[in-house]
Structure formats: C-alpha cells, structure tokens
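Enquirer: Structure, please.
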Amino acid sequence: MAEYEADGPLAQQIAAVIPYYPFKNIERFYDIQGLLHHPELFGRVCDAMARRYKAMGVTKILGFEARGFLFTPVAIAMNVPFIMLRKKGKMPNTISSTPYTKEYAGVDAMCIQRGAVVPGDKVVLIDDLVATGGTLCSGIELVKACGAQVIECGCMVELRFLKGRERCIAAGAGNVWGFIHEDLLTTKAQLPDGYIDDGEAH
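Expert: I've put the predicted structure just below:
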C-alpha cells in the first residue's frame, strides 16, 4: 500500500520536516519533533501503520521509552493494548533484558511488566529510529521470554549503514520496517547563534 511504502510519497513529505542537528557528538541527529509540528502528517503515518499492523493480525503494540511512546495512536486506532518498554527501575513488577550498549554512549537494559505480553501474542515493537538495533534487540529478547512473537520492528527512520535490520532479524524479529531511510533526510536544522551541543547520554 502506497501510504506505508518505504521512501514513498508520504515518507518523502515527512522526511522534509525532520531536521538534523549536530548533537550528542554526532553530525546528524534526526529530530522527530519536526514531524510533531505537523499533526496532519503525523496522523497520516499513524493511520497507515495501524492499517498495516491490523492486516498482519497484530495483537499488541510495544513502544520504547521515550520516543516510541509517541506512537500510542497506532494502538488506539487498532483497538489493541499499548505496552511500554521502559528503562530498568522505572516501573514495578517487571522482567529485564540483558544489558546492551546504547547507540550514543553507555549501557542500559529494558523492562516489561510481567503478564503484559503472553504466549500467543503477535506484537510489533515501535521506536522512532533504528540505528545499531541494540534497543530493539532488548525488546525482542523480552518478547521471546514471554513466549510471544515479534511480527515486526517498525521505525520511522532506519539508518541502514549501521546494520540494525540484520541484527534484529538475527535476534528473532520477523521483519524490520523502516519508513524513511537516511538518503531522504537532507533537511539541515537552522542553528541559532551560539548553538551548543549539550546532548547527554540517557
């Protein structure tokens, strides 16, 4: 379907409003806040994702702290539960993934509440961006530990050169869907005078 075609017409419109900044000591940090300034575009992509995943028989949508939480409208449109994947120590009654190396700096682990995903569930893991795939793989590990199936990892942006797709497939994901690839993301942010890269690892 053209609406959720990777790098298709809708993806091109969205790419044009996602600027990149020098941030966290990387040259191109893609800022999804640009999309959130355009609610009509954001609504269209959430609707397209909902149609995609409803057709796949997905039973639950799982989103990663924090930007993955932006995609709760996908679950609402599908009338399925939205399950939070949070960093260790942020919510009660959880199981934790093994630690993973974050894209920018440091080591982290993800958690899911016990009973939130059960055997037989067909889930999609959603985040704003897939880079090295470390965060997504922690979610895949948790879903498998719950006896469920990761139908797809769905991300607004996929940085193909970092090979996160291959890592997620190897970890057990059925597919990785990257809506926009880095070749389309050419909008350079207009930096104010005195701009400082004050990004911190989280």
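Enquirer: How far off centre is the helix ranked longest in the chain?
Expert: Counting residues, the longest helix found in the chain (DSSP state H) is helix 39-55. Distance of helix 39-55 from its chain centroid, counting by C-alpha atoms, centre = their mean, to the nearest Å, is 14 Å.
Enquirer: Which strands and helices lie in contact with that helix?
Expert: Applying 3 or more C-beta pairs under 8 Å, 6 or more residues apart in numbering; DSSP states H and E, we find helix 39-55 packed against helix 9-15, helix 33-36, helix 72-78, strand 149-158. Quick note: C-beta positions are derived from backbone N, CA and C, even for glycine.
Enquirer: Give me the distance from the first one to the chain's centre.
Expert: Spelled out, that is helix 9-15. With C-alpha atoms, centre = their mean, you get 17 Å for helix 9-15.
Enquirer: and what of the third one?
Expert: On the basis of C-alpha atoms, centre = their mean, helix 72-78 sits 15 Å off its chain's mean C-alpha point.
Enquirer: before we move on, what about the second one?
Expert: Distance of helix 33-36 from the chain centroid (C-alpha atoms, centre = their mean) equals 15 Å.
Enquirer: just the strands in this structure please.
Expert: Here the chain has its strands, by DSSP state E, at 20-23, 26-30, 60-64, 82-87, 94-96, 100-101, 107-108, 110-113, 122-130, 149-158, 176-181.
Enquirer: The spatially most central residue of the chain: what's it in contact with?
Expert: Per C-alpha atoms, centre = their mean, the C-alpha nearest to the average position across the chain is that of residue 127, at 1.0 Å. Residues near residue 127 by C-beta atoms under 8 Å, 6 or more residues apart in numbering: 63, 64, 67, 68, 135, 136, 153, 155.
Enquirer: contacting residues for the third one?
Expert: In this case it means residue 67. Counted by C-beta under 8 Å, 6+ apart, residue 67 has contacts 32, 127, 128, 129.
Enquirer: now, which of these sits nearest residue 55?
Expert: The nearest member of the contacts of residue 67 to residue 55, counting by C-beta to C-beta, is residue 127 at 21.0 Å.
Enquirer: related to what we said a few turns ago, want to try JSON lines for the strands of the chain, with mean pLDDT and distance to residue 199 as columns?
Expert: Shown next, in JSON lines, are the strands of the chain (pLDDT from 0 to 100; distance: least, C-beta to C-beta, whole Å):
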{"stretch": "strand 20-23", "mean pLDDT": "96", "distance to residue 199": "5"}
{"stretch": "strand 26-30", "mean pLDDT": "93", "distance to residue 199": "7"}
{"stretch": "strand 60-64", "mean pLDDT": "98", "distance to residue 199": "18"}
{"stretch": "strand 82-87", "mean pLDDT": "97", "distance to residue 199": "17"}
{"stretch": "strand 94-96", "mean pLDDT": "96", "distance to residue 199": "26"}
{"stretch": "strand 100-101", "mean pLDDT": "76", "distance to residue 199": "17"}
{"stretch": "strand 107-108", "mean pLDDT": "82", "distance to residue 199": "16"}
{"stretch": "strand 110-113", "mean pLDDT": "97", "distance to residue 199": "21"}
{"stretch": "strand 122-130", "mean pLDDT": "97", "distance to residue 199": "15"}
{"stretch": "strand 149-158", "mean pLDDT": "97", "distance to residue 199": "17"}
{"stretch": "strand 176-181", "mean pLDDT": "97", "distance to residue 199": "22"}
